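A.B. asks: Model the following, please.
(chains A and B)
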2 protein chains.
Amino acid sequence: VATRTIAAVGEFAFLARILPQLTNGPDTIIGPGHDCAVIRCGDGRYLFTIDALVEGTHFRRQWLSPRQLGRKSFLVNASDAAAMGGRPRFCVVGMSAPPTYPARDLANIEVGIAAAATECGADVVGGNLARARQLSITIALVAEAPRRTVSRAGAQPGDRVYVTGTLGDAGAGVRVLRAGRRRRSLAADAHAVRRFREPTPRLRAGQLLVASGIVSAMIDVSDGLIQDLGHVCSASNVGAVIHATNLPVSAAYRTIMRTDPRLALSGGEDYELLCTVPERNVTQLERQRAHLGCPLTWIGAITRGRRIKVVDAAGRPMSIEAGGYDHFRGSR
Amino acid sequence: VATRTIAAVGEFAFLARILPQLTNGPDTIIGPGHDCAVIRCGDGRYLFTIDALVEGTHFRRQWLSPRQLGRKSFLVNASDAAAMGGRPRFCVVGMSAPPTYPARDLANIEVGIAAAATECGADVVGGNLARARQLSITIALVAEAPRRTVSRAGAQPGDRVYVTGTLGDAGAGVRVLRAGRRRRSLAADAHAVRRFREPTPRLRAGQLLVASGIVSAMIDVSDGLIQDLGHVCSASNVGAVIHATNLPVSAAYRTIMRTDPRLALSGGEDYELLCTVPERNVTQLERQRAHLGCPLTWIGAITRGRRIKVVDAAGRPMSIEAGGYDHFRGSR
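C.D. replies: You can find the predicted model right below:
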């Protein structure tokens, strides 16, 4: 192992090896390995998370305006809070930028962060600015935790698998941006690009699904459905079957990708919520559905074993690529 | 302003322009612009801060072992908490690294972070790993806040100026490392390099000085005494006079720098505490001195006006370089 690189080991294998080595005190209710940690502060429980957007890895400079980049860097953190039913409250911002980066653009990134924070009910309370070769924005977020804790662990065989909103739009948006086509006027392309630029963290849905006790496990879909479902399955020690024909995709996705489900399965950056629901809670879920603020689609079921299968309309297994986004293997 | 770069504007001028634009809610007791924010969580008050170490800006890879780098990246955050009298409790870690970076080294960075956190009473509760061209470590820290709030603002004309420990060692250490000399065996060089590699955040001193109500303002000396004193003076709307002969320097510093006070005034990375003490609290300070866990030296006084003067043994003003470390103007 001594001389292996991170790329060779892989991000998640690396984290899986490191995380169990961290021992924590009694005020850490949930430690590393979930979308957020759960910590005890005073008489309250809070979520704590950190996420970064790095130029060349997560975005190219010409793909988003500075303000959009700022907004997105906050919203990807808010999505982690949504996955555990939290209410964003405070964030600190670590920015790195080359000395040649325009001060006005940096100011607009801050404006975007502050605007997104305000919309989500959070304050930007501090920051740091360091010189680096690449532009990057790291945000750490503290959110109010719900009374119940729902994490990646907790899914049981027989639970239904649901996902909010639509999948694959952001992945299709990256494809459009990368092609640099001049067809942006096409409504489908514009929709996909907008979904890449402006994630909509499902805070209300997350809060409601956790507070009501409906869901047994939840995660935000940031690295692609299959990969994030994989995190739920390994944390819960279960498998899953997903019905490809049930995957919720937008009209824009269908225009761009036709019937190809690959970006919906593993495109990444959807920032939707994936949750598992025990059969006994389905009636209650149907009663709450109208209050979620977004669509929620039944896409499959949790199974025994640790395998994830995707099946077509006839129930035949489809071959899926190992799929999902690993920074150390792919590149924007 | 539109086309000016960050380097042209300068880090602090940039932050000074951005910070007032952030409006915060009632649970943000102190917002951006200090070593830490003070936030209300449940029935408690907490400090929240973020800081980064970036390769090429703060360190070169060969200057520290991965474990030392991990330790230092936590300790610079702990120093921010010390400056406001806090007790570190929880941190999250944002790491960025090139895909070619050895997985073992990254693991050792994590080990260093976890060890330093444990020593300071904090848990590492989460993290994120992203691909980037440079190695960098960003840590966000939540610390218990003391009942009293002491920040950079609060210094009054007539207050004494004190500093913990010794100044300029880390700056001298960088000079030794940069020269790459083969004289590391010299005790003085080894001491200076160790002080660069292993900062000792003054947590106990910070907690005691704040809890006792002795200090009127405090800051950690991370960018050089003159620059950080400048932050206190501008936040407090005062000036200061510093007696160069009173600056606490180590025997190692004297061996390396002789009588040259420049690195003690502006070398950066000291991670000592600079505090101001009203004359009426001096007796109480003397009673507490033995409990601080480190030396505390009287180096000058707060004055009216906004100027900072450094005077020699005869009281004559010395010319000081604008001094202090600005990432966007200097480089490691």
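
A.B. asks: The helix or strand of chain A with the lowest mean pLDDT and chain B, are they touching?
C.D. replies: Ranked by mean pLDDT, DSSP states H and E, the weakest helix or strand in chain A is helix A:11-18, scoring a mean of 75. Yes - Helix A:11-18 is in contact with chain B by CB under 8 Å from any CB of the partner chain, via A:11, A:14, A:15, A:17, A:18. The C-beta positions use only the backbone N, C-alpha and C, and glycine is treated the same way.

A.B. asks: show me the contacts for the residue most central in space within chain A.
C.D. replies: Residue closest to the average C-alpha location in chain A (CA atoms, centre = their mean): residue A:222, at 2.9 Å. When contacts are counted by CB atoms under 8 Å, 6 or more residues apart in numbering or on different chains, residue A:222 touches A:76, A:79, A:80, A:228, A:268, A:269, A:270, A:271.

A.B. asks: Sort out for me which of these are in strands.
C.D. replies: Among the contacts of residue A:222, no member is found in strands (DSSP state E).

A.B. asks: Can you pick out the most distant pair from those?
C.D. replies: A:80 and A:268 (14.7 Å; CB to CB).

A.B. asks: Quick one: name the residues of the stretch 101-250 of chain A near chain B.
C.D. replies: Residues of the stretch 101-250 of chain A lying near chain B (CB under 8 Å from any CB): A:101-104, A:106-107, A:110-111, A:114, A:118, A:123-134, A:136, A:138, A:140, A:142.

A.B. asks: and with 7 Å instead?
C.D. replies: Counting by CB under 7 Å from any CB of the partner chain, the stretch 101-250 of chain A comes close to chain B at A:101-104, A:106-107, A:110, A:114, A:123-134, A:136, A:138, A:140, A:142.

A.B. asks: Tell me the spacing between residue A:272 and residue A:65.
C.D. replies: 24 Å (CB to CB, to the nearest Å).

A.B. asks: rewinding a little: list only buried entries from the residues of the stretch 101-250 of chain A next to chain B.
C.D. replies: A:101-103, A:106-107, A:110, A:114, A:123-134, A:136, A:138, A:140, A:142 (16 or more other CB atoms under 10 Å in any protein chain shown).

A.B. asks: neighbour-wise, which of residue A:80 and residue A:268 wins?
C.D. replies: Using other CB atoms under 10 Å in any protein chain shown as the criterion, residue A:80 and residue A:268 rank with residue A:80 on top: 28 against 25.

A.B. asks: Report the contact partners of the more buried one.
C.D. replies: Contact partners of residue A:80, counting by CB atoms under 7 Å, 6 or more residues apart in numbering or on different chains, are A:35, A:36, A:49, A:51, A:220.

A.B. asks: Quick one, grab the pLDDT at it.
C.D. replies: Here, the pLDDT recorded for residue A:80 equals 97.

A.B. asks: distance of residue A:88 from residue A:264?
C.D. replies: 27 Å.

A.B. asks: quick one: the helices in chain A?
C.D. replies: Using DSSP state H, the helices of chain A run over A:6-9, A:11-18, A:66-82, A:103-119, A:169-179, A:187-197, A:203-211, A:225-236, A:251-257, A:262-266, A:282-288.

A.B. asks: quick one: which of the ones you listed is nearest residue B:243?
C.D. replies: Nearest to residue B:243 among the helices of chain A is helix A:103-119 (37.1 Å), distances taken as CB to CB.

A.B. asks: And for residue A:140, nearest residue in space, chain neighbours not counted?
C.D. replies: Spatial nearest neighbour of residue A:140, excluding adjacent residues (CB to CB, 6 or more residues apart in numbering or on different chains): residue B:140 at 3.2 Å.

A.B. asks: surely the one you found meets residue A:52?
C.D. replies: No - between residue B:140 and residue A:52 there is no contact under CB atoms under 7 Å: 11.2 Å.

A.B. asks: contacting residues around residue A:280?
C.D. replies: No residues are in contact with residue A:280 under the rule CB under 7 Å, 6+ apart.

A.B. asks: if I look at it, how far off is residue B:210?
C.D. replies: Distance from residue A:280 to residue B:210, by CB to CB: 53 Å.

A.B. asks: can you check residue A:308 too?
C.D. replies: Note on residue A:308: its distance to residue B:210, by CB to CB, is 53 Å.

A.B. asks: now do residue A:79
C.D. replies: For residue A:79, the distance to residue B:210 (CB to CB) stands at 37 Å.

A.B. asks: Over to residue A:45?
C.D. replies: Residue A:45 is 27 Å from residue B:210, by CB to CB.

A.B. asks: If any of the residues of helix A:11-18 next to chain B are buried, put those into a PyMOL selection.
C.D. replies: Filtering the residues of helix A:11-18 next to chain B down to the buried ones (16+ other CB under 10 Å) takes a single PyMOL command:
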select buried, chain A and resi 11+14+15+18
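
A.B. asks: returning to what we had before: just checking, what packs against the least confident helix or strand of chain A?
C.D. replies: Where contact means 3 or more CB pairs under 7 Å, 6 or more residues apart in numbering or on different chains; DSSP states H and E, helix A:11-18 is packed against helix B:103-119, strand B:123-131.

A.B. asks: what about it, distance to the chain center?
C.D. replies: 18 Å (CA atoms, centre = their mean, to the nearest Å).
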